[in-house]
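fold the following, please.
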Amino acid sequence: MQKKRNGAEEQQDLYRKMKECHTLLESLHNMVYKVRRKQDGRYVYTFFSGRLAKHWGLTTETTQGRSPHEIFSSEVADYLVKQYDQAASGQSTVHEFVHEQEIIYVSLVDGDDDEELIGCSLDITLCRQAWKKINHLQYYDALTGLPNRVKFDTILQQAVEEARQNETVFAIILIDLDKFKMMHASVGRTISETVLSSIARELADTLPENDVLARMNKDDFVMLIRNIEQVDEVHRRANEMLAMLMFPFDVNGSEMNVTASLGISLYPTDGASGEEIMKKAETAMYRAKECGGNCYFIYSEDLTRIHKQWTLGSELRHVVSRKQLILHYQPRFNIRTNRMVGIEALVRWSHPENGLLAPGRFIDLAEKTGAIVDIDRWVLEEACRQVRAWQLEGYPNVSVSVNLSSLHFKDIRCVEMIREALTATGLSPACLEIELTESGFIEEADAAVEIMHQLKELGVSIAVDDFGTGYSAFHYLKKFPLDTLKIDRSFIQNVTCSQTDEVILQAMIDMAKKLQLKVVVEGVETEAQLAYLREQECDEVQGYLLSRPIPVQELETFLSERST
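Just a heads-up that it's a prediction; the model follows:
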């Protein structure tokens, strides 16, 4: 009797475990089934369980002994039988199939005997939908649904290949919304995105079937127009876009006005690759920006030069903060003793892409952009610091000349800037000479005279640089408290072979001496020129014959040799 009770209890435990297992299978959002191969080669189902099976109406009762062709469509059934054959032959089989618009992932393993297979299925429809959406977002803009930069790059390369093979022309129109960042900051993200969506729709509605509109970033769109036959077509499309944008966009009852700057380039006229074409369109677009926006430019070679200047001008504003400036120094020599008596600080721009740029490449641009003010301040402070450091290290004492822009001589704060540089570095004012061009003090004569007098009281020397190339109004030399006259290199170049140049140079030197000004001649490059200047009793000379502008380390060697 005890054994019978134990056997009954074991059966109850087994039944309970089977029920728990069945409940577990039914609760899982998947499907487990068994399929058996009959002697005639047909496959029939013997078991179905799981919420996915129930969702499809597949139960053990409804499928028992039925084949795939009796349950599924012919196409699906053929596919399943093929998978079952592979699994029955010993191959590891994992596959997917679509049933009722749902994607099913199936893994087949051996069952209880050689003729049985167990299939475990999982509904991956949502995963695939998510993956499809992620993949879509990789190539399309989420806000507008337009192709994004990545997708457009591919489209552009294809357009280049097609145009090359078919010998056709296409245009790129880069569309940059004017002052959109300001709008975004003013009205907020929601309204800004509504405006962007409206603009995208308006632009897309005007697009022929074979052309492409893409969103490159927050406020940039690009349009590719295929099969251009005449440039007039491009002008027409650009004008249509500008006209369309002129109409206010209605956002929740408020009117939003938007304009754009358009840059246009053509393949193959403006480049042989997609990258070149895009760069040229960008150059043209920046030119439109410089002209105030709400216009378009078609690329030309002149625009490249303008764009390079525009880029350099933008970068110039950050050269001091990015520590991209360095100083070279060109020695000045006493013509009678051949001894070095001073140095001129000459700035160089260590550009990250273009290398070391001489002042001629960027000073005029710095004047136009106003960046010269910060550059001059840095040059002044660095030159004073360096000369004082040499003094403390025991190098021979030299004075330093620093060129200042005429902008400083229109502002009395120039004196304070120089005083602060001397105080901060500890350099004596007697060791500093400020150079300025004729135009720098003649254009704002009254203000310049006042500033010069204050500098003289401070103990700083003043030199007029490149004399003879500007106004050359000699009576001004009497009015201004100058110490040195630096004669431009152009007057020494032909002095040994041109009587006219000789007469002019002699007159300049004689005049300077009568005004008790020190005379420095720039640009001395030959022994004959040097000998001539000795005969004229010039005071100091400067030029490549004696020394080019050299970096700090070379000048320190120069100073060391002089001290010995």
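
low pLDDT regions in the stretch 351-500 of the chain?
439-441, 443, 469-475 (pLDDT under 70).

what segments of it are helices?
Assigned by DSSP state H, counting those that start in this stretch, the helices in the stretch 351-500 of the chain fall at 363-369, 372-392, 413-425, 438-442, 445-458, 474-479, 499-514.

with the stretch 101-250 of the chain instead?
125-139, 149-166, 180-187, 189-205, 231-246.

now those helices in a markdown table, with mean pLDDT, distance to Lys368 and mean neighbour count?
From N, CA and C alone the C-beta is placed, and that goes for glycine too. Converted to a markdown table, the helices of the stretch 101-250 of the chain look like this (pLDDT from 0 to 100; distance: least, C-beta to C-beta, whole Å; neighbours: other C-beta atoms under 10 Å):
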| stretch | mean pLDDT | distance to Lys368 | mean neighbour count |
| --- | --- | --- | --- |
| helix 125-139 | 68 | 43 | 12 |
| helix 149-166 | 93 | 33 | 15 |
| helix 180-187 | 79 | 24 | 14 |
| helix 189-205 | 87 | 33 | 16 |
| helix 231-246 | 89 | 29 | 15 |
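
partners of the longest strand seen in the chain in the sheet?
Secondary structure of the chain per DSSP state E: the longest strand is strand 340-351. The partner list of strand 340-351 in its sheet, established with DSSP bridges, is strand 325-334 (antiparallel), strand 355-357 (antiparallel), strand 399-403 (parallel).

of all the residues in that strand, which ones are buried?
Met340, Val341, Gly342, Ile343, Glu344, Ala345, Leu346, Val347, Arg348, Trp349 (16 or more other C-beta atoms under 10 Å).

what's the nearest residue to the second one if we skip its chain neighbours?
Using C-beta to C-beta, 6 or more residues apart in numbering and skipping the chain neighbours, the partner closest in space to Val341 is Asn334 (5.0 Å).

circling back: which among the helices of the stretch 101-250 of the chain is found nearest to Ile363?
Smallest distance to Ile363 across the helices of the stretch 101-250 of the chain (C-beta to C-beta): 31.2 Å, for helix 180-187.

how much space between the closest residue to Val373 other than its chain neighbours and Val415?
Take Val373 and drop its neighbours on the chain: the residue closest to it by C-beta to C-beta, 6+ apart is Leu407, 6.3 Å away. Note on Leu407: its distance to Val415, by C-beta to C-beta, to the nearest Å, is 14 Å.

neighbour count for these two, which is higher?
Val415 (19 against 16; other C-beta atoms under 10 Å).

surely Leu530 and Leu545 touch.
Yes - between Leu530 and Leu545 there is a contact at 6.3 Å, judged by C-beta atoms under 8 Å.

need the overlap of contacts for those two.
Val524 (C-beta atoms under 8 Å, 6 or more residues apart in numbering).

neighbour count for these two, which is higher?
Taking neighbours as other C-beta under 10 Å, Leu530 and Leu545 compare with Leu530 leading, 20 against 16.

list the buried residues for stretch 281-298?
281-289, 293, 295-298.

sort out for me which of those are in helices.
Ala281, Glu282, Thr283, Ala284, Met285, Tyr286, Arg287, Ala288, Lys289 (DSSP state H).

for the nearest residue to the last one once chain neighbours are set aside, which residues are in contact?
Across the structure, with C-beta to C-beta, 6+ apart as the measure, the residue nearest Lys289 apart from its sequence neighbours is Ser261 (4.7 Å). Under the criterion of C-beta under 8 Å, 6+ apart, the contact partners of Ser261 comprise Ile175, Asp176, Asp178, Met285, Tyr286, Ala288, Lys289, Gly293, Asn294, Cys295, Tyr296.

pretty sure Ser261 sits in a strand.
Yes - assessed with DSSP: H, G, I helix; E, B strand; the rest coil, Ser261 lies in a strand.

measure Asp483 to Ile442 for me?
To Ile442, Asp483 is 17 Å away according to C-beta to C-beta.

cool, and Glu70?
When distance is defined by C-beta to C-beta, Glu70 is 105 Å away from Ile442.

these two: which is more packed in?
For Glu70 versus Ile442, neighbours defined as other C-beta under 10 Å are more numerous around Ile442 (18 against 12).

surely Leu559 meets Glu393?
No - using C-beta under 8 Å as the test, Leu559 is too far from Glu393 to be in contact (9.4 Å).

what mean pLDDT does stretch 75-92 have?
Stretch 75-92 shows a mean pLDDT of 83.

which non-adjacent residue is nearest Glu290?
Trp310 (6.4 Å).

what number of residues lie near that neighbour?
For Trp310, the neighbour count with other C-beta under 10 Å is 18.

same question, the one 3 residues further on
As a burial measure, the neighbour count of Gly313 was computed by other C-beta under 10 Å and equals 16.

which ones are touching the nearest residue to it once chain neighbours are set aside?
Distances taken as C-beta to C-beta, 6+ apart place Thr369 nearest to Gly313, at 4.7 Å, with adjacent residues excluded. By C-beta under 8 Å, 6+ apart, Thr369 lies in contact with Gly313, Leu316, Arg317.

what separation is there between Ala119 and Pro248?
Residue 119: Gly, not Ala. 62 Å.

compare neighbour counts for those two and give me the winner.
Gly119 (24 against 11).

Leu108 is in contact with the more buried one, correct?
Yes - counting by C-beta under 8 Å, Gly119 does reach Leu108; the two are 5.3 Å apart.
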